[in-house]
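Visitor: Just need the structure, nothing else, for what follows:
(2 chains)
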Amino acid sequence: MSRGEIDRADAGAYGEALRRYATPWLRAVWSRLEPADAPLPEGVERLSSLIASRIQSRLEQPGWDEALTADERTTLRLLTMFERSECLAAGFAHTLRCVGIDPDVVLTALTERGTAAVSTGVLIGRDAPPWEVWRRPGARLAGHPGATGRLTRALPMQTCALINAPAGGREADGLEPFLRIASLWQRLADAPARVTRQGLLFKRDRERIEDDPVLASAIADSFEPLPDMPALWLELGRRLGLIDFEPDAERIDAAPAEAWSGSAESWSRRLASAWLTLDVWHEVGGIRREDAETTLAFPYARPAILIALATLPKDEWTSIEQLAEWLQANHPGWNALTLEESERAARRIDEDGEPASNDATTPSNLEALRGFLLGVLYQSGLAQVAVEPFAGTACMRLSSAGRAFVEGGTATPRECPDKFMWIQPNLDVIAYRQGLEPELIGRLSRFLDWTQLGAALQMKLTKTSVERGIDGGLTAASMIEALERHASREVPSGAIEAIRGWSRRRERVTLYLSSTLVEFADAAERDRALAAWPATEGEAAPRIVGERLLLVERASDIPFALFRLAGSRDYRRPSERCCEVGSDGVSITIDLSLSDLLVEAELARLADEAGDASGSSPSGGSSRVGGRRRFEITPRSIARALEAGWTSTTIEHWFERRAGTPIPPAVALLIEGNRPGRRACTVERTLIVRTRSSEILDGLFQHPRTRPYFGERLGPAVAVVVESVLPGLRVEMSALGLELDAGEFDDHDGAAETAPRDEPGSRNH
Amino acid sequence: MTPPRSRIPVKLHKNVSLLVVADEFVAREILARKSLSRMVIGQVSPTALLVETEEEESLVEELKRLGHAPRVVR
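Guide: As a prediction, this is how the structure comes out:
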């Protein structure tokens, strides 16, 4: 990348959108940025990158926005309120209409100049330019990351009329959403929720969350109830990165505890941004049904309302009714249920010239607006609410945090006392909200259960909560230290003992589901590595789990600069063929660069170690992490494997899997040798019978009286007969009128048998 | 970080499901219980047992039945 170009990560959604423009559209944008005789860069990747960086350079010049119209500046300001400055274009058109801006004019101008980009998820081809495509269903809009972040205040627009200043405004601490999400985070940390492939919660988990007394309880400091609260907290938690939705794993889980880190101000901004643009939840209707095909319109009116409040002079108030009238004047479809309805209302004005008559201040029209102002804005701490003294009307204005969010400034920080908790001997913990901020809520949530959320908060220290703390990387000492730091009185000894006892129990058995083991040649090398291992805050130290092994929770924590990698094995992949069988069938050599710990465990049962194939001792030397090791299957080792539950089939499969060969006959022989009461072979004297013709032998082999006396047929007229059954064969042949000339064997009178020893036909091959 | 004299040769075993216990007695207790030992596929040290990943839930349940409070690190 040459100097002045902007990389993919910096350009974000905007860059991704540009890269999906057909070349003529990129050239058109470029021509507006550069003089006509400027050389035209080649390639979509390069061109889109250069466009992004040219705009960035212009934005860095003072007064860059003076060339923009007031509407364009306000549009960019509004766009920054969406996550990654990216949103549904149709929804954003609704936002613009609500503040009285014509989206057709502004969005066309901004996309033509490249200050914003349009994305449809696929290539925007030559049939229509992006500045027209944004009107298509599903099209998305992304602002240049630099442009949208530079406006520091909204430009004046129609200011809401002022009303009498009410006495005494109320402002929420903005902690309620965090407390609720923290409670949900705990529930999921203790037991993740399962979801279907479509992303719907399983009934049992949905009921568990919906019926949770803490999550669903009414908010103590509230003007307006919030519908579908548990689902709302779940959705907000996901957007804030505190709750992980893993579609592949079909589960919703608590994010790692580190996700709670961040300053109070940054959390306030993140919450405001996530809630303002939450388009699957409505202030009256609650969470949108998963199968709904329409898009809610009111969520896109929220940024517009916030901007309207920001235009009020500081310390002045407005009422819900006045805001509604202002919105109505800008866009008669401001309160439409869906974006389609909003669009129809806008079209009616374009076609007929005047809006359908609609009283903006009827109770039904005010419901959603009331829910937003008194519910969302109040609970997120962005607005203050007061009651107008004469008419008893609820009045609003932005709080310091609200103004900071809209104007991009800094909110006045809240004073948080360090000591705000009382720990009872029965392990209940009472806390005052004044001492809390989101990061601290997250820290306490790791090892204390929220049991009641109100003006004062109640938590409980339980076995489960302490175990959760240990699982999240805390220690007994760190939990006790946190309690001591914030407790107004001495922490009861019972609480300290309970934490220690539960922690000890928890630490006795640990199940690592995807750990990384670092294997060394010997203990000395392991200790050398351990001594040089850098201690990093937030990373768990490696744990010794064997003479030559260190356990690391995350592979990314390994200081690779210390090591030379002799081999690597991923246990999620099928096992490797890492064994070679010797020509004797019983000696096996492992290639240690390909082997895994399982093969060693398997061979420990199946074979005995016979020494190092490279010549050094079997128990040491660098061959342990890169050479070859030799094993031998012996009668004793086979007996051990069979004793441990291996069968001949298991052993057959093992050879196929690990060596890629069928079971060697020598090993099959050893298995046979371990079968009690079964003779592997017997010794007998045998005679050769030669018939005059092959037809005679065919007949003898087929006839039921003579067939059992014969063994293997060696040729057309030659077969084997066991000496001891010769007299019996003679008798049977005589009965058939056939003479048997046995020559010198005729006088045999030893252990003569008149009948074959085995079942008839068993000797017949 | 003190640089080592030379790079140490190592072999990495990634995504290993391992049950690490406090002492040998706990390991023996686990191996002696049939319902648990069938989920153990190898032993890399006296206190570290290789286990079947797919058996996570039943393994944890069995350990709890045995009176342990296993910590699960994902």
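
Visitor: what about the closest residue to chain A within chain B, how many residues close to it?
Guide: Going by C-beta to the nearest C-beta, chain A is nearest to residue B:42 of chain B, at 2.6 Å. Where C-beta positions appear, they are placed from N, C-alpha and C, glycine not excepted. If you count neighbours by other C-beta atoms under 10 Å in any protein chain shown, residue B:42 ends up with 18.

Visitor: Return the set of buried residues in stretch A:92-112.
Guide: A:92-101, A:103, A:106-112 (16 or more other C-beta atoms under 10 Å in any protein chain shown).

Visitor: Keep only those of those that are in helices.
Guide: A:92-98, A:103, A:106-112 (DSSP state H).

Visitor: Look at the nearest residue to residue A:414 once chain neighbours are set aside and say how many residues are nearby.
Guide: The shortest distance from residue A:414 to any non-neighbouring residue, by C-beta to C-beta, 6 or more residues apart in numbering or on different chains, is to residue A:264 (6.9 Å). Residues lying near residue A:264 (other C-beta under 10 Å) number 20.

Visitor: Now do the contacts for residue A:264.
Guide: Contacts for residue A:264 (C-beta atoms under 8 Å, 6 or more residues apart in numbering or on different chains) come out as A:413-414, A:437-439.

Visitor: which stretch of helix or strand covers residue A:177?
Guide: Using DSSP states H and E, residue A:177 sits in helix A:176-190.

Visitor: Give the buried residues for that helix.
Guide: Judged by neighbour count using 16+ other C-beta under 10 Å, the buried positions of helix A:176-190 are A:176-189.

Visitor: hmm, it in reach of chain B?
Guide: No: when contact is scored as C-beta under 8 Å from any C-beta of the partner chain, no part of helix A:176-190 falls within range of chain B; the minimum is 10.9 Å.

Visitor: what's in contact with that helix?
Guide: Contacts of helix A:176-190 (C-beta under 8 Å, 6+ apart): A:208-209, A:212, A:214-215, A:219, A:221, A:229-230, A:233-234, A:236-237, A:240, A:242-243, A:252-255, A:267, A:271, A:275, A:379-380, A:438, A:441-442, A:445, A:449-450, A:453, A:457, A:464-465, A:468, A:471-472.

Visitor: Past it, which element shows up next along the chain?
Guide: By DSSP H and E, the next helix or strand past helix A:176-190 is strand A:193-194.

Visitor: Give me the angle between the helix or strand following that following strand and helix A:176-190.
Guide: Next helix or strand after strand A:193-194 toward the C-terminus (DSSP H and E): helix A:203-210. When axes from the mean of the first three to the mean of the last three C-alpha atoms, to 10 degrees is applied, the directions of helix A:203-210 and helix A:176-190 differ by 140 degrees.

Visitor: Low-confidence regions, the stretch 651-765 of chain A specifically.
Guide: The stretch 651-765 of chain A contains residues with pLDDT under 70 at A:678, A:746-765.

Visitor: switch to 90 and redo it
Guide: A:657, A:668-686, A:711-712, A:722-727, A:734, A:736-765 (pLDDT under 90).

Visitor: got a list of what residue A:543 touches?
Guide: Residue A:543 neighbours (C-beta under 8 Å, 6+ apart): A:550-552, B:20.

Visitor: which SS class is residue A:245?
Guide: strand (DSSP: H, G, I helix; E, B strand; the rest coil).

Visitor: buried sites along the helix or strand harbouring residue A:653?
Guide: Assigned by DSSP H and E, residue A:653 falls within helix A:648-658. Neighbour-count burial for helix A:648-658 flags A:648, A:651, A:654-655, A:658 (criterion: 16+ other C-beta under 10 Å).

Visitor: ok, longest strand in the chain?
Guide: I went with chain A, as the question did not name one. Among the segments of chain A that qualify as a strand by DSSP state E, the longest is strand A:509-519.

Visitor: That was the other one, I meant chain B.
Guide: strand B:8-21.

Visitor: in the very next helix or strand once past that strand, what's buried?
Guide: Going down the chain from strand B:8-21, the next helix or strand is helix B:24-32, by DSSP H and E. Neighbour counts over helix B:24-32 (16+ other C-beta under 10 Å) mark B:26-27, B:30 as buried.

Visitor: before we move on, back to that, I'd like the contacts of residue A:543 laid out as JSON lines, including neighbour count, distance to residue A:737 and pLDDT.
Guide: Shown next, in JSON lines, are the contacts of residue A:543 (neighbours: other C-beta atoms under 10 Å in any protein chain shown; distance: C-beta to C-beta, whole Å; pLDDT from 0 to 100):
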{"residue": "A:550", "neighbour count": "22", "distance to residue A:737": "86", "pLDDT": "93"}
{"residue": "A:551", "neighbour count": "23", "distance to residue A:737": "84", "pLDDT": "93"}
{"residue": "A:552", "neighbour count": "22", "distance to residue A:737": "87", "pLDDT": "90"}
{"residue": "B:20", "neighbour count": "25", "distance to residue A:737": "83", "pLDDT": "93"}
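
Visitor: for the residues you listed, which one is nearest residue A:295?
Guide: residue A:552 (45.9 Å; C-beta to C-beta).

Visitor: what is that closest one paired to in the beta sheet?
Guide: residue A:516 (DSSP bridges).

Visitor: show me the contacts for it.
Guide: Counting by C-beta under 8 Å, 6+ apart, residue A:552 has contacts A:515-518, A:540, A:542-543, A:558.

Visitor: make it 6 Å
Guide: For residue A:552, the residues meeting the contact criterion (C-beta atoms under 6 Å, 6 or more residues apart in numbering or on different chains) are A:516, A:542, A:558.

Visitor: Over to residue A:449?
Guide: The contact partners of residue A:449, by C-beta under 6 Å, 6+ apart, come to A:460, A:462, A:465.

Visitor: is it possible to export those to CSV including secondary structure, distance to chain B and pLDDT?
Guide: Formatted as CSV, the contacts of residue A:449 follow (DSSP: H, G, I helix; E, B strand; the rest coil; distance: C-beta to the nearest C-beta, whole Å; pLDDT from 0 to 100):
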residue, secondary structure, distance to chain B, pLDDT
A:460, strand, 18, 96
A:462, coil, 12, 94
A:465, helix, 13, 94
